[in-house]
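>>> predicted model and sequence below, questions to follow.
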Amino acid sequence: MVLKLIRFLFHLYMEGWDFSKKLLSHFLRDSRVRFGIVGLAATAIYFLLGLLFVSVLRWHTMVGNTVAYLLGFTVSYTGQALWTFKASGNHLVMLGKFAFTQLAGLGLNSCVVSIATLFGAHYIIAMTIAVCVVPVFVYLVSRYWVFRKKKLEKAEE
């Protein structure tokens, strides 16, 4: 394992930026990686705008939080539809499915946390389980239902 790491670092050093670009390009081909990047970006948008609206601009907490959440949701849908899954078709229908999926994810998150704490797990442990389970659920539902490619589109790829 250590030898592989040394070889990898040696190749990175010898090949320079071209190798790094190839490696990055390789990872970005995976829709799961793109899904995670978009999710993190949407979360950061929500978090930072929420702080801006509520803490800096002094908007009412619920107004600032709601606007920040909606903007984060917009970033999430746009990124997942256009970049992660390269979806084509009726975006109004996909947006409705995406919103439903997000609500289902919230419900699953609440169930996981509730059940884990009911069985005596500390809240941090319960949240850790939820943070691991819910994105997998949302990814799978997004890939196979929300942004599912029709058989004709799959054949053309």
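Noted; the coordinates are in hand.
>>> put the alpha carbons of stretch 118-138 into CSV.
Output of stretch 118-138 as CSV, limited to C-alpha atoms (Å, rounded to 0.1, in the frame of the first residue of the first chain):
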residue,chain,number,x,y,z
LEU,A,118,-34.8,5.8,20.4
PHE,A,119,-32.4,2.8,20.7
GLY,A,120,-30.0,4.9,22.8
ALA,A,121,-27.6,6.2,20.2
HIS,A,122,-26.2,9.7,20.9
TYR,A,123,-27.5,12.4,18.6
ILE,A,124,-24.1,12.8,16.9
ILE,A,125,-24.0,9.1,16.1
ALA,A,126,-27.6,9.2,14.8
MET,A,127,-26.8,12.2,12.6
THR,A,128,-23.6,10.4,11.3
ILE,A,129,-25.7,7.4,10.3
ALA,A,130,-28.3,9.7,8.6
VAL,A,131,-25.6,11.7,6.8
CYS,A,132,-24.3,8.4,5.4
VAL,A,133,-27.6,6.8,4.5
VAL,A,134,-29.7,9.7,3.1
PRO,A,135,-27.4,10.8,0.3
VAL,A,136,-27.1,7.2,-1.0
PHE,A,137,-30.9,7.1,-1.0
VAL,A,138,-31.3,10.5,-2.7
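>>> if you count neighbours, what's buried in it?
121, 126-127, 129-130, 134-135, 138 (16 or more other CB atoms under 10 Å). C-beta: built from backbone N, CA, C; applies to glycine.
>>> in helices, which of the residues you listed appear?
126-127, 129-130, 134-135, 138 (DSSP state H).
>>> residues in contact with Ile116?
Just so we're on the same page, residue 116 is Ala rather than Ile. Contact analysis of Ala116 by CB atoms under 8 Å, 6 or more residues apart in numbering lists 125-126, 129-130.
>>> I'd like these as JSON lines, with distance to Ser114 and pLDDT appended.
What follows is the contacts of Ala116, written out as JSON lines (distance: CB to CB, whole Å; pLDDT from 0 to 100):
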{"residue": "Ile125", "distance to Ser114": "13", "pLDDT": "95"}
{"residue": "Ala126", "distance to Ser114": "8", "pLDDT": "92"}
{"residue": "Ile129", "distance to Ser114": "11", "pLDDT": "94"}
{"residue": "Ala130", "distance to Ser114": "10", "pLDDT": "92"}
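>>> which of these sit farthest apart?
Taking CB to CB, the two most distant members of these are Ile125 and Ala130; they sit 9.8 Å apart.
>>> sounds good, over and out.
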